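**Q** sequence and predicted structure, then a few things I'm wondering about:
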Amino acid sequence: MSKKLRVRFAPSPTGALHIGGVRTALYNYLLAHKLGGTFILRIEDTDQTRFVEGAENYILDALKWLGIMPDEGIGVGGPHEPYRQSERKELYKVYADELINSGKAYYAFDTSEELDAMRAIYESKGSAFQYNALTRVKLKNSLSMSEQEVQDIIASGTPYVIRLKVPAKAEIRFQDSIRDWVHVHTSSIDDKVLMKSDGMPTYHLANVVDDHIMEITHVIRGEEWLPSAPLHILLYQAFGWQPPQFAHLPLLLKPEGNGKLSKRDADLGGFPVFPLEWKDPQTGVISKGFKQEGYLPAAMINFLAFLGWNPGTEQELFSIDELISAFSLERINKAGAKFDVNKAKWFNEQYLKLQDVTSLAAQYLPDLPKKEAESFVHLFLDRITFPQELGEKVKEFTELPSAYEEEVVQNKWNEESQKGLQVLNDTLPFVELWEADAIKSFIQVKLEEAGIKMGKVMQMLRVALSGNGAGPDLMISMELWGKEQVLLRLNKAIETFGKR
RNA sequence: GGUCCGUUCGUCUAGGGGUUAGGACACGUCCCUUUCACGGAUGAAACACGGGUUCGAUUCCCGUACGGACUACCA
């Protein structure tokens, strides 16, 4: 029997969770649920300088809103606590020392400034500096210095880092679930820093150690990690551990032109990149959230799932349960996907129509009587993308027209329609049952009696009552306005047009 | 610059040695609706380029171009 599947989503609390991160979390969640595995949330906060207050809660809230909650980890607990890397600091030191002792890693004393200077020199010569088998002997580290020197310098309290001693001539290969075999020569891999001088591990070390300890079987993460995957393989090898199965997801790209989707593009395009609204605690800048814009969680999930994956059938609308059963790593695409707001909106419209009318009415039209609110929801549900448009629609509907659509008036206001409106104005007060069907037959009869064709006046009537040449069913609208209001509007319109 | 990854309609994608290259969004037209929207139908719209392998390549291989990621004591 194979090991039980365990996956993790491991964001850094450096700000709001980006929509690409949400998709990564979603794919992890889907795989875990499909295969009866465990979905773990771990926080990678090893960079103290980039820590942002509130970001961790934001991540949790965002996942909660979308319904992709972890089974284990932050906010849930579990057998491998703590799940915040800053709280596991001591652990990484142990493993880094293990690598030192086995000769797989070494101490380095070069300062950032020295390295920067080194890079500048190489760059001026048109090449790139690498801290590797070729250069490390000439730099300040435990490989180039005598053992005594190293002991002295450490004892003196000089800051140091621990670097991985990358083998000089080897080929690293691994089979990615999405990209198949990837191979890289170690000559292109740097002796990466494993432990920083502040005693914190870098991503690479912490990630590998935690994934191993937490028994992660599949690492599903963004493509930006692909270049460092060979380094991670090297680390697993150095520890003598079995690496997990890797799956590097294609990137989410900006809608216009090329490049990774960023917050800036979103602002330009007028759509969010964050699931929830986010206020940057440093700058106070507020970024839009999909939730606040009116996107439904189920629509977001469906839309996101299809950005880089598809079931191979022609079905597009998938509930989360359907996604879980249809999902597989094998059907994830290789190429990056551009974020298309139109498609997102379409998904939202589809899910909006599926919403319960009663609860939409209660939530978005709370000030209206229940029955009336529900009528409005019925009237407008097919014409909106976001639920909060209901309020705007109703407001617009309820207010007296401030102007009349000029083009329609121009074309339709004539002797016959004038006569028709006048007939209606005179007779409508006598409608007994003010209800759409009754109003309709009443109008039919009255216009016929007057010898006026219905088609000649209906659009004029619409403009007279609503101001617009197009809109929801007129008879139902009239029912909702009520007799008094209709007559008021009709009067006003006749008066206005009559002056022309 | 170097390393790695990628490339099918405008966008998301299906497909895969022989297909009318399929679907969805967006767009056009028509139908439904005395309007609009919804819905339905329909149209326009793609295999980056060049070599090779092959009877045959969009599909396999190699190059080129283009795009992207990475190249920090950031993740």
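**A** It's in.

**Q** in chain A, what residue is nearest RNA strand B?
**A** A:Met454 (2.2 Å; Cβ to the nearest atom of the strand). C-beta coordinates here come from the backbone N, C-alpha and C atoms, glycine included.

**Q** burial of the nearest residue to A:Phe306 once chain neighbours are set aside, as a residue count?
**A** Closest residue in space to A:Phe306, ignoring its immediate chain neighbours: A:Glu316 at 7.1 Å, by Cβ to Cβ, 6 or more residues apart in numbering. Using other Cβ atoms under 10 Å, A:Glu316 has 14 neighbouring residues.

**Q** can you check the one 5 residues further on too?
**A** Taking other Cβ under 10 Å as the criterion, the count of residues near A:Asp321 is 9.

**Q** just confirm A:Glu372 contacts A:Glu479, I think it does.
**A** No - A:Glu372 lies out of contact with A:Glu479 (Cβ atoms under 8 Å); the separation is 10.5 Å.

**Q** tell me which helix or strand comes right after the helix or strand bottoming out on mean pLDDT in chain A.
**A** The weakest-scoring helix or strand in chain A, judged by mean pLDDT, DSSP states H and E, is helix A:263-269 (a mean of 74). Next in sequence after helix A:263-269, counting helices and strands by DSSP states H and E, comes strand A:278-279.

**Q** in contact with A:Pro429, which residues?
**A** A:483, A:487 (Cβ atoms under 8 Å, 6 or more residues apart in numbering).

**Q** quick check: it is in a helix.
**A** Yes - assessed by DSSP: H, G, I helix; E, B strand; the rest coil, A:Pro429 belongs to a helix.

**Q** what separates it from A:Val341, distance-wise?
**A** Counting by Cβ to Cβ, to the nearest Å, the gap from A:Pro429 to A:Val341 is 48 Å.

**Q** likewise A:Lys260?
**A** Taking Cβ to Cβ as the measure, A:Lys260 falls 17 Å from A:Val341.

**Q** which residue is the nearest non-sequential neighbour of A:Lys291?
**A** Closest residue to A:Lys291 apart from its sequence neighbours, by Cβ to Cβ, 6+ apart: A:Leu276 at 5.1 Å.

**Q** check contacts around the one you found.
**A** Going by Cβ under 8 Å, 6+ apart, the list of residues near A:Leu276 reads A:16, A:58, A:61-62, A:65, A:289-292.

**Q** 7 Å - rerun?
**A** A:58, A:61-62, A:65, A:289, A:291 (Cβ atoms under 7 Å, 6 or more residues apart in numbering).

**Q** can you tell me which residues in the stretch 251-400 of chain A are near RNA strand B?
**A** A:251, A:253, A:255, A:258-260, A:306-308, A:310, A:312, A:314, A:316, A:331, A:333-338, A:340, A:342-343, A:345-346, A:350, A:353, A:382-383 (Cβ under 7 Å from any atom of the strand).

**Q** tell me which of these fall in strands.
**A** Residues of those located in strands (DSSP state E): A:253, A:337-338.

**Q** where is pLDDT lowest across those residues?
**A** Within those, the minimum per-residue pLDDT falls on A:Leu253 (85).

**Q** okay, now that one: neighbour count?
**A** A:Leu253, neighbours per other Cβ under 10 Å, totals 20.

**Q** list the residues that contact it.
**A** So A:Leu253 contacts A:259-261, A:336-339 (Cβ under 7 Å, 6+ apart).

**Q** with A:Gly222 instead?
**A** Counting by Cβ under 7 Å, 6+ apart, A:Gly222 touches A:20, A:24, A:249, A:251.

**Q** do the same with A:Ser359
**A** By Cβ under 7 Å, 6+ apart, the contact list for A:Ser359 is empty.

**Q** quick one: buried residues of the helix or strand hosting it?
**A** Of the helices and strands defined by DSSP H and E, A:Ser359 is found in helix A:357-364. Within helix A:357-364, the residues scored as buried using 16 or more other Cβ atoms under 10 Å are A:360-361, A:364.

**Q** quick one, phi psi at the residue nearest to A:Lys291?
**A** Per-residue torsions, A:Leu276: phi -120, psi 160 (degrees, to the nearest 10).

**Q** from A:Gly312, how far off is it?
**A** 32 Å.

**Q** again with A:His204
**A** 35 Å.

**Q** in a helix, A:Asn28, correct?
**A** Yes - under three-state DSSP, A:Asn28 sits within a helix.

**Q** A:Ala62: what's it in contact with?
**A** A:17, A:22, A:275-276.

**Q** can you pull the pLDDT of A:Ser2?
**A** So, for A:Ser2, pLDDT stands at 59.

**Q** no further queries at this time; thank you.
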